[in-house]
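# let's see this in three dimensions:
(one chain, ligands or ions: 2)
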Amino acid sequence: MTAELARECVRYAQMGWMRGTSGNLSVVLQRDPLRLAVTVSGVDKGEITADDSVVIDVDGNAVDSPKVPSAEAALHARIANVSGAGAVVHVHALATVVAAEHWPDGVVLKDLEMLKGFGRYDHEEVVIPVVRNSQDMLELGDAFEKGFDPKVPALLVARHGVYVWGEDLMQARHRLECLEWLLRFKVETRDIFTGRHS
Ligand SMILES: CSCCC(=O)C(=O)COP(=O)(O)O
Ligand SMILES: [Zn+2]
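Residues are numbered from 1 along each chain as shown. Ligands and ions are numbered 1, 2, ... in the order given. Next comes the predicted model:
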């Protein structure tokens, strides 16, 4: 499982979505009590190894380990707890942050084939929620839970990045890759649609 976390990090780093030491991933190990494996804090995600993860509890604290969990571990645990997801991925892909900047009240997506990669019909209106950034994971978690829609497995954190979740790391990856495409489309076509769709 931890090798899987490392493999996914390297993939996202190669895509430019985990620059420097940015981003973090987690996977649920057990539900009751909740335990997740999460990447440790501050490592270069392009060079991460299977040793660079730690088990955390529902509050994001390390369980029986001196390793330091991701600074955002508590939000991973909250998302997994509330949504029932088996894996949570967080990256700093630029298009996701630019989209949140343009549409701070939520990014509306509609009439796009790639919505199917998000588990929705192309003609459905999907709103990706945006919350303000904070260093306080409790505050971020509360904001996430307030706007949580079980049909929308993603959260944009303004001026920061995006969280996407799924039943496992592979589903989370597919959703993230499709969402990044959708948000990039939205940003790059903004001038065309001004006054019509946005
Ligand atoms: C330059 S990254 C700033 C912290 C952050 O937002 C992030 O995603 C990485 O934090 P971690 O503690 O998981 O390394
Ligand atoms: Zn981050």
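# any low-confidence regions in the protein?
Scanning the chain for pLDDT under 70 picks out the ranges 1, 194-198.
# repeat the analysis, applying 80 as the threshold.
Filtered on pLDDT under 80, the chain yields the residue ranges 1, 193-198.
# tell me which element the most centrally placed residue in the chain is part of?
Centroid-nearest residue in the chain, with CA atoms, centre = their mean: Tyr163, separated by 1.5 Å. Secondary structure assignment for Tyr163, by DSSP states H and E: strand 161-166.
# for Gln14, list the residues it contacts.
Gly46 (CB atoms under 8 Å, 6 or more residues apart in numbering). (C-beta placed from N, C-alpha, C; glycine too.)
# what angle separates the longest helix anywhere in the chain from strand 161-166?
Using DSSP state H, we find that the single longest helix of the chain is helix 169-188. Note on geometry: by axes from the mean of the first three to the mean of the last three CA atoms, to 10 degrees, helix 169-188 and strand 161-166 are set 140 degrees apart in direction.
# these two touch, right, the residue nearest to the centre of the chain and His90?
Yes. Using CB atoms under 8 Å, Tyr163 is in contact with His90, at 4.9 Å.
# which secondary structure element contains Val108?
Per DSSP H and E: strand 107-109 holds Val108.
# please apply the same query to Asp111.
Per DSSP H and E, there is no helix or strand for Asp111.
# so it sits right up against Arg120, yeah?
No. With contacts counted by CB under 8 Å, Asp111 stays clear of Arg120, the gap being 11.4 Å.
# what about the strand holding Val108, distance to the chain center?
16 Å (CA atoms, centre = their mean, to the nearest Å).
# which residues touch the helix or strand just after that strand?
With elements assigned by DSSP H and E, the helix or strand that comes after strand 107-109 is strand 126-128. With CB under 8 Å, 6+ apart as the test, strand 126-128 has contacts from 99, 106-110, 115, 118, 120, 149, 151-152, 154-156, 179, 183.
# run the last query once more with 6 Å
With contact meaning CB atoms under 6 Å, 6 or more residues apart in numbering, strand 126-128 is reached by 106-109, 120, 154, 156.
# re earlier: more neighbours: which of Asp111 and Arg120?
Using other CB atoms under 10 Å, the more surrounded residue of Asp111 and Arg120 is Arg120, with 18 against 10.
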